[in-house]
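*Asks:* I'd like to go over a predicted model; first the sequence, then the structure.
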Amino acid sequence: EAQVTQNPRYLITVTGKKLTVTCSQNMNHEYMSWYRQDPGLGLRQIYYSMNVEVTDKGDVPEGYKVSRKEKRNFPLILESPSPNQTSLYFCASSLETKRELHFGNGTRLTVT
Amino acid sequence: QKEVEQDPGPLSVPEGAIVSLNCTYSNSAFQYFMWYRQYSRKGPELLMYTYSSGNKEDGRFTAQVDKSSKYISLFIRDSQPSDSATYLCAMSAPGGFKTIFGAGTRLFVKA
């Protein structure tokens, strides 16, 4: 089954404790992206990747890092999480940048 | 001003009603227009995809793009309780690497 898999689904952590949210897709898509979804603000792009080893900032990159060492994986790293990063995070992939985005089921992160 | 504006609702309608969902945008470079549907505790799924202006129909769903007014719409005919979800408009420009999303409209269809 074609899918984007995110883990974990739920995560509660404390300020400053490094964490990684994993994302994997099995569709051989070149383009992958991370979004955060907050009430009233919709989906805002954090980082995106056009291909292996090619990443760039989205609209809200502060406090986040990404890497793309393999085509299928695009982890999101929070080196020192803060409460304002409490949000619902989605990973997405697509065959090319302007076509259908396939989303994972989200990771709900709470930073206390 | 946000690049894409969408009324968050909620919008509550009886089963069988015609639903109209709308977005306005400010960037005249947008050429690709999409509607995503998001059920609770799930990721968004693409519902409709339109390039440039015009209408597109798929079953009970019709997407309209009016580039002169910078206004897009999604119509749902004969709405069903299973249509209850959040609907997000999205758009992107040629040569760009970003898809910009609206805030989403929450729709409730009552049986």
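*Replies:* Looks like it arrived, so ask away. Predicted model, so just to flag it, every value in this text is computed and none were measured.
*Asks:* which phi and psi does the residue of chain B found nearest chain A have?
*Replies:* Among the residues of chain B, B:Gly43 lies closest to chain A, at 3.1 Å counting by C-beta to the nearest C-beta. In this view, the C-beta of every residue, glycine as well, is placed from N, C-alpha and C. B:Gly43 adopts backbone torsions of phi -80, psi 160, taken as degrees, to the nearest 10.
*Asks:* Quick one: name the residues of chain A near chain B.
*Replies:* A:4, A:33, A:35, A:40-45, A:48, A:50, A:56, A:58-59, A:90, A:92, A:97-101, A:103-106 (C-beta under 8 Å from any C-beta of the partner chain).
*Asks:* which of the residues you listed count as buried?
*Replies:* Neighbour counting with 16 or more other C-beta atoms under 10 Å in any protein chain shown marks A:4, A:33, A:35, A:42-45, A:48, A:50, A:58, A:90, A:92, A:97-99, A:101, A:103-104, A:106 as buried within the residues of chain A next to chain B.
*Asks:* Nearest residue to the residue in chain A that chain B sits nearest to in space, please, no chain neighbours.
*Replies:* Across chain A, the shortest distance to chain B (C-beta to the nearest C-beta) belongs to A:Phe103, at 3.1 Å. Of all residues not flanking A:Phe103 in the chain, B:Gly43 sits nearest, at 3.1 Å (C-beta to C-beta, 6 or more residues apart in numbering or on different chains).
*Asks:* Show the pLDDT at the one you found.
*Replies:* Note on B:Gly43: pLDDT of 96.
*Asks:* Do I have it right that it meets A:Phe90?
*Replies:* Yes: if you go by C-beta atoms under 8 Å, B:Gly43 and A:Phe90 touch, sitting 5.5 Å apart.
*Asks:* who touches both of the two?
*Replies:* A:Phe103, A:Gly104, A:Gly106 (C-beta atoms under 8 Å, 6 or more residues apart in numbering or on different chains).
*Asks:* what sits against the first one?
*Replies:* Which is A:Phe103. A:Val4, A:Phe90, A:Cys91, A:Ala92, B:Gly43, B:Pro44, B:Glu45.
*Asks:* what does A:Glu62 give?
*Replies:* No residues are in contact with A:Glu62 under the rule C-beta under 8 Å, 6+ apart.
*Asks:* how about A:Ala92, secondary structure?
*Replies:* What DSSP: H, G, I helix; E, B strand; the rest coil gives for A:Ala92 is strand.
*Asks:* Next one: it from A:Glu79, what distance?
*Replies:* The spacing between A:Ala92 and A:Glu79, counted by C-beta to C-beta, to the nearest Å, is 22 Å.
*Asks:* got the buried residues for stretch B:33-45?
*Replies:* Buried-residue list, stretch B:33-45, by 16+ other C-beta under 10 Å: B:Phe33, B:Met34, B:Trp35, B:Tyr36, B:Arg37, B:Gln38, B:Gly43, B:Pro44.
*Asks:* picking that back up, beta partners of the residue of chain A closest to chain B?
*Replies:* On the basis of DSSP bridges, A:Phe103 is bridged to A:Ala92.
*Asks:* Distance-wise, check it relative to A:Met27.
*Replies:* A:Phe103 is 12 Å from A:Met27, where distance means C-beta to C-beta.
*Asks:* which one is residue 45 nearest to, not counting chain neighbours?
*Replies:* You didn't say which chain, so I picked chain A. A:Gly58 is the one closest to A:Gln45 (C-beta to C-beta, 6+ apart), at 3.1 Å.
*Asks:* um, chain B though
*Replies:* Counting by C-beta to C-beta, 6+ apart, B:Glu45 lies nearest to B:Arg37, which is 5.6 Å off, once chain neighbours are set aside.
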